[in-house]
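# Everything below, folded, please.
(chains A and B)
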Amino acid sequence: MRSFRFRILEKDKKTKARVGEIATRHGVIKTPAFVPVGTQASIKSLTPDEMKEVGVQLFFVNTYHMYLRPGIEVVEKLGGLHKFMGWDGPIMTDSGGFQVFSLGRSDLTKIIEEGVEFRSHWDGTKHLFTPESSMEWQWRMGGDIHIAFDDCTGYPVTHAVAKKSMERTHRWASRCKAANVKCQMSNVKMGRPYQALYGSIQGSVYEDLRKESAKYISTLDFDGIAIGGVSVGETKKEMVKVLDWVVPILPEEKPRHLLGVGEIDDIFALVEHGIDTFDCVMPTRLARMGKLLGNKEIDITKKIFAEDKKPIHPLCRCYTCTHFSRAYVHHLFHVKELLAYRLATIHNLWFIHRFMDDIRQSIARGTLVALKKKWI
RNA sequence: GCGGAGAUGCCAGAGAGGCUAAUCGGGCCAGACUGUAAAUCUGGUGCGCCGUGAGGCGCUUCGGGGGUUCAAAUCCCUCUCUCCGCA
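Below is the predicted model of the structure:
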């Protein structure tokens, strides 16, 4: 019995945008949805109550980080991710594949056919990650949606390198699928609910590779498709081209996730291409740097806000904007008070979730194009 | 009043004859960040000019004034002001 279902509710006539619902055993996700990143089982500085209040439907936890600390066993012993962190909504776990790229630049990883040898960024110890182990660990942590372990191709790379990397991702995808089948069988035996798995597409900025990857991953009967290897240094135009190539090949009825993109100006492009969910660290990271989202992004650390009585955004209804002045938030940043990061994160996530509300509504009403004009 | 210490760029604080237009911080300004080794990182921060660039040139700066020296934030004299002890 699959406690995972995706339904398309409305389609935009002018673009490929669609409104839908992903049903998981921990709740329904209205799509298109922004997925904030909570790498270490925490959206930095927020409590689960605050996450809810701000509109988080689903967020992203990283297997690599959780494996190193506190360790998969600890999470398991504490009853799985949901219980461990006190969040009862849907959770998506990433495979650790991105760390091939992000840590790889500092020589902390070594790719072999078997998987990836990681050097812990905490203490330098060596650890082997394989498609099978990533699947098992994600299964044991008990997230609702898992991502296949892929080889995230860097940028720029030659066609030959990208091809090799993509082919490895494909072999690993098959292994992930096989491992996942075993996990699901265990779930049935143990009376545990079904956990979804998304396959991951690579291929860098090469049309033939991207198309090949989209076709191959689509054949493996994943519950959803993730597009990876994007926002690794290529231009925004190149990223959009990848979507142009890939999305038409993907099965209509499966949810599509784009890995690692989500600046405000990207979101229209994603949604118009029929992307259903996308995760990004940007709103939370920018918040911690004092960059607050709005019609105009402001840097609250600037001196001009030192005595500004106005809220961050005049029309915003978030907790931060309804309770505090720019001057106060500026002060908190200035003295590095922890509350600064929290208030800023609340604002940015509230903002982007309201923005997604608008996007969903405008797709349903057929006014997406108009909304985009208003913003861009 | 006596004795002692000190006055350095927006702040704080090094420097004790040439390598100093002046270390390091902070502040300020600018930039970066997209499946988080990120409450992070990078750059700029006297004025003017030349060079695409590396860089170069000139001027004005280390409390005020005056001196010594080829050369002074650094040595000497003096004034002003601050601080600490003792009265």
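# Near RNA strand B, which residues of the stretch 151-300 of chain A are found?
Within the stretch 151-300 of chain A, the positions adjacent to RNA strand B are A:152, A:200, A:226, A:228-229, A:231-232, A:236, A:259-263, A:266, A:279-282, A:284-286, A:288-289, A:291, A:299 by C-beta under 7 Å from any atom of the strand. For glycine as for every other residue, the C-beta is placed from the backbone atoms N, C-alpha and C.
# Derive a ChimeraX selection command for the buried subset of those residues.
The following ChimeraX line selects those of these that are buried, judged by 16 or more other C-beta atoms under 10 Å:
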select /A:152,200,226,228,229,231,232,259,260,261,262,266,279,280,281,282,284,286,288,291
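# Okay, and which of the residues of the stretch 151-300 of chain A next to RNA strand B map to helices?
In helices, defined here by DSSP state H, the members of those are A:Lys236, A:Asp266, A:Met282, A:Thr284, A:Arg285, A:Leu286, A:Arg288.
# nearest residue to the second one other than its sequence neighbours?
If I follow you right, that is A:Asp266. Using C-beta to C-beta, 6 or more residues apart in numbering and skipping the chain neighbours, the partner closest in space to A:Asp266 is A:Lys236 (6.7 Å).
# And the pLDDT at the one you found?
pLDDT recorded at A:Lys236 is 96.
# same check, this time on A:Arg2
70.
# Please apply the same query to the one 4 residues further on.
At A:Phe6, the pLDDT value in this model is 98.
# Same check on A:Ile376?
83.
# List the contacts of A:Gly154.
A:Phe101, A:Gly104, A:Arg105, A:Val232, A:Gly233 (C-beta atoms under 8 Å, 6 or more residues apart in numbering).
# That one in helix, strand or coil?
coil (DSSP: H, G, I helix; E, B strand; the rest coil).
# ok, and the closest non-adjacent residue to the residue in the stretch 101-250 of chain A that RNA strand B sits nearest to?
Among all residues of the stretch 101-250 of chain A, A:Cys152 sits closest to RNA strand B, at 2.6 Å; criterion: C-beta to the nearest atom of the strand. Leaving aside its sequence neighbours, A:Cys152 sits nearest to A:Phe101 (C-beta to C-beta, 6+ apart; 4.0 Å).
# Give me the neighbour count for that neighbour.
Neighbours of A:Phe101 under the rule other C-beta atoms under 10 Å: 20.
# cool, and A:Lys30?
16.
# domain assignment for chain A?
A:5-280, A:289-376 (automatic domain parsing).
# Off-centre distance for stretch A:214-233?
Its chain's C-alpha centre and that of stretch A:214-233 lie 14 Å apart, by C-alpha atoms, centre = their mean, to the nearest Å.
# Quick one: mean pLDDT over it.
On average, stretch A:214-233 scores 97.
# Can you show me the helices along the stretch 1-150 of chain A?
Per DSSP state H, counting those that start in this stretch, the stretch 1-150 of chain A carries helices over the ranges A:48-54, A:63-68, A:72-77, A:80-85, A:98-102, A:131-141.
# mind putting these in TSV, mean pLDDT and distance to RNA strand B included?
Shown next, in TSV, are those (pLDDT from 0 to 100; distance: least, C-beta to the nearest atom of the strand, whole Å):
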stretch	mean pLDDT	distance to RNA strand B
helix A:48-54	98	12
helix A:63-68	97	7
helix A:72-77	98	16
helix A:80-85	98	14
helix A:98-102	93	3
helix A:131-141	97	10
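# Rebuild those as JSON lines, extending it with distance to A:Arg326.
Output for those, formatted as JSON lines (distance: least, C-beta to C-beta, whole Å):
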{"stretch": "helix A:48-54", "distance to A:Arg326": "19"}
{"stretch": "helix A:63-68", "distance to A:Arg326": "34"}
{"stretch": "helix A:72-77", "distance to A:Arg326": "39"}
{"stretch": "helix A:80-85", "distance to A:Arg326": "32"}
{"stretch": "helix A:98-102", "distance to A:Arg326": "33"}
{"stretch": "helix A:131-141", "distance to A:Arg326": "40"}
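# what's whichever strand or helix holds A:Gln184 packed up against?
Applying DSSP states H and E as the criterion places A:Gln184 in helix A:159-190. Secondary-structure packing of helix A:159-190 (3 or more C-beta pairs under 8 Å, 6 or more residues apart in numbering; DSSP states H and E): helix A:131-141, strand A:196-201, helix A:207-219.
# how much does the first one deviate in direction from strand A:196-201?
Angle between the axes of helix A:131-141 and strand A:196-201 is 150 degrees (criterion: axes from the mean of the first three to the mean of the last three C-alpha atoms, to 10 degrees).
# Tell me which other helices or strands helix A:131-141 touches.
For helix A:131-141, the packing partners by 3+ C-beta pairs under 8 Å, 6+ apart are helix A:63-68, helix A:72-77, helix A:80-85, strand A:145-147, helix A:159-190.
# Output the below-cut-off pLDDT ranges for the stretch 201-350 of chain A.
For the stretch 201-350 of chain A, no stretch is flagged by pLDDT under 70.
# quick one, which of the helices and strands packed on helix A:159-190 is packed in tightest?
A comparison of those by mean neighbour count, using mean count of other C-beta atoms under 10 Å, puts strand A:196-201 on top with a mean of 29.
# Partner strands of that one, with direction?
Note on strand A:196-201: by DSSP bridges, its sheet partners are strand A:145-147 (parallel), strand A:224-227 (parallel).
# in the first one, what counts as buried?
Neighbour-count burial for strand A:145-147, counted by 16+ other C-beta under 10 Å, picks out A:Ile145, A:His146, A:Ile147.
# contacts with RNA strand B among these, please.
Checking the buried residues of strand A:145-147 against RNA strand B (C-beta under 7 Å from any atom of the strand), the matches are A:Ile147.
# Kindly reformat the buried residues of strand A:145-147 as CSV and extend each row with pLDDT.
As requested, these are arranged in CSV below (pLDDT from 0 to 100):
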residue, pLDDT
A:Ile145, 98
A:His146, 98
A:Ile147, 98
